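In: Return a 3D structure for these sequence lines:
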Amino acid sequence: MPLRLPDKLPAIELLKKENIFVMDNSRATTQDIRPLKIVVLNLMPLKITTETDLVRLLSNTPLQLDISFMKLKSHTPKNTPIEHMMMFYRDFQVMKDEKFDGMIVTGAPVETYEFEDVTYWDEVSTIFKWARTHVTSTLYICWAAQAGLYCHYGIPKYPLKKKMFGIFKQKTLAPELPIFRGFDDEFNMPHSRHTEIRRKDIEACKDLTIIAESEESGVSMVMARNGREFYITGHLEYAPDTLDKEYKRDMGIRDDVGMPVNYYRDDNPDNKPLVTWRAHANLLYSNWINYYIYQETPFDIDKIC
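Out: Numbering: from 1, shown residues only. This is a model prediction of the structure:
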């Protein structure tokens, strides 16, 4: 897919090395196409890594996407150069009058805090509510999934005794949905979290539908508003080596983090990871863009409501 990305975004050169087709704004403006506008609220500490992971997945349909990055005014990231943030990100307050065809909200390293204790909770919850009238479909990932379910529906999260960490087999509960078009009966999803949401709480809310889950990792995907909101508790966007980096970062430092399960070849961390989720990750993002954005969003973007 031709992606419209800000000129000089580091992800462009990184993905070209993977033979993934992307274009910068300079080339995209010569094409007479109404691109789909996708905004990413990137709450992850390693911004460039997350940008690259998401752009990689967004590059697999023939549609032209115009990607924007949103940041919070109430939070200053510590692990990304300020020059990068100033060049490629805009504050929500600057973007709040715009409409977008799709939105992705990433996870954040704050899941052990109560939602209201997160320093930027007021701003991020305002953005969640704003998305309902300014975005055709929103994808909430990991902590954002828990936060969005809490903000919109009052669904609580619960601490885990040990980190849910590794690759877990998921079962599709609504295979007839377009989001699962082309899926197998089961698919793998990386998880990396210290908290969980529970089936009983979701089932008690008539506005929510569990559409995928795992015997090991629990609820993995929830849909609301006929696909205008998806909540994904795992990380299909993760690169092959992400869990490896997290494991080696925390090894010997935290006693609640074990070796990621179903991840290393022969369960040996000296071996390379066995990638078993990438095909379904690409398919899910392509289905989301096609069936829940492109097929639903108005041509006049200002008519999104």
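In: biggest helix in the chain, by residue count?
Out: Criterion DSSP state H: the longest helix present in the chain is helix 121-134.
In: what does the very next helix or strand once past it contact?
Out: Using DSSP states H and E, the helix or strand that follows helix 121-134 in sequence is strand 135-141. With Cβ atoms under 8 Å, 6 or more residues apart in numbering as the test, strand 135-141 has contacts from 39, 99-107, 131, 147-149, 227-232, 235, 237, 288, 292-293, 296-297, 304. Heads up, the C-betas are built off the backbone N, CA and C, glycines and all.
In: Go again with 6 Å.
Out: With contacts defined as Cβ atoms under 6 Å, 6 or more residues apart in numbering, strand 135-141 is touched by 100-107, 131, 148, 228-232, 292-293, 296-297, 304.
In: pLDDT averaged over the longest helix of the chain - what is it?
Out: For helix 121-134, mean pLDDT is 98.
In: Work out the gap between it and the centre of the chain.
Out: Here helix 121-134 is found 16 Å from its chain centre; the criterion is Cα atoms, centre = their mean, to the nearest Å.
In: Kindly export that helix (C-alpha atoms) in PDB.
Out: What follows is helix 121-134, C-alpha atoms only, in PDB (Å, rounded to 0.1, in the frame of the first residue of the first chain):
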ATOM      1  CA  TRP A 121      -5.400  10.300  32.400                       C
ATOM      2  CA  ASP A 122      -7.500  13.400  32.000                       C
ATOM      3  CA  GLU A 123      -6.100  14.200  28.600                       C
ATOM      4  CA  VAL A 124      -6.100  10.600  27.300                       C
ATOM      5  CA  SER A 125      -9.700  10.000  28.400                       C
ATOM      6  CA  THR A 126     -10.700  13.200  26.700                       C
ATOM      7  CA  ILE A 127      -9.100  11.900  23.500                       C
ATOM      8  CA  PHE A 128     -11.000   8.600  23.800                       C
ATOM      9  CA  LYS A 129     -14.300  10.400  24.000                       C
ATOM     10  CA  TRP A 130     -13.300  12.800  21.200                       C
ATOM     11  CA  ALA A 131     -12.600   9.700  18.900                       C
ATOM     12  CA  ARG A 132     -16.200   8.700  19.100                       C
ATOM     13  CA  THR A 133     -17.300  11.700  17.100                       C
ATOM     14  CA  HIS A 134     -14.100  12.400  15.000                       C
END
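In: the inter-axis angle of that helix versus strand 135-141?
Out: 140 degrees (axes from the mean of the first three to the mean of the last three Cα atoms, to 10 degrees).
In: does residue 265 really touch residue 271, like I thought?
Out: Yes: with contact defined as Cβ atoms under 6 Å, residue 265 counts as touching residue 271 (4.0 Å).
In: pull the helix or strand with minimum mean pLDDT from the protein.
Out: helix 25-28 (a mean of 50; mean pLDDT, DSSP states H and E).
In: Show the subsequent helix or strand relative to it.
Out: Heading C-terminal from helix 25-28 (DSSP H and E), you reach strand 36-41.
In: what helices or strands is that following strand leaning on?
Out: Strand 36-41 sits against strand 65-71, strand 100-105, with contacts defined as 3 or more Cβ pairs under 6 Å, 6 or more residues apart in numbering; DSSP states H and E.
In: Measure how buried the residue lying closest to residue 90 once chain neighbours are set aside is and give me the count.
Out: Spatial nearest neighbour of residue 90, chain neighbours left out: residue 70 (6.3 Å); criterion: Cβ to Cβ, 6 or more residues apart in numbering. Residue 70 is flanked by 22 other residues according to other Cβ atoms under 10 Å.
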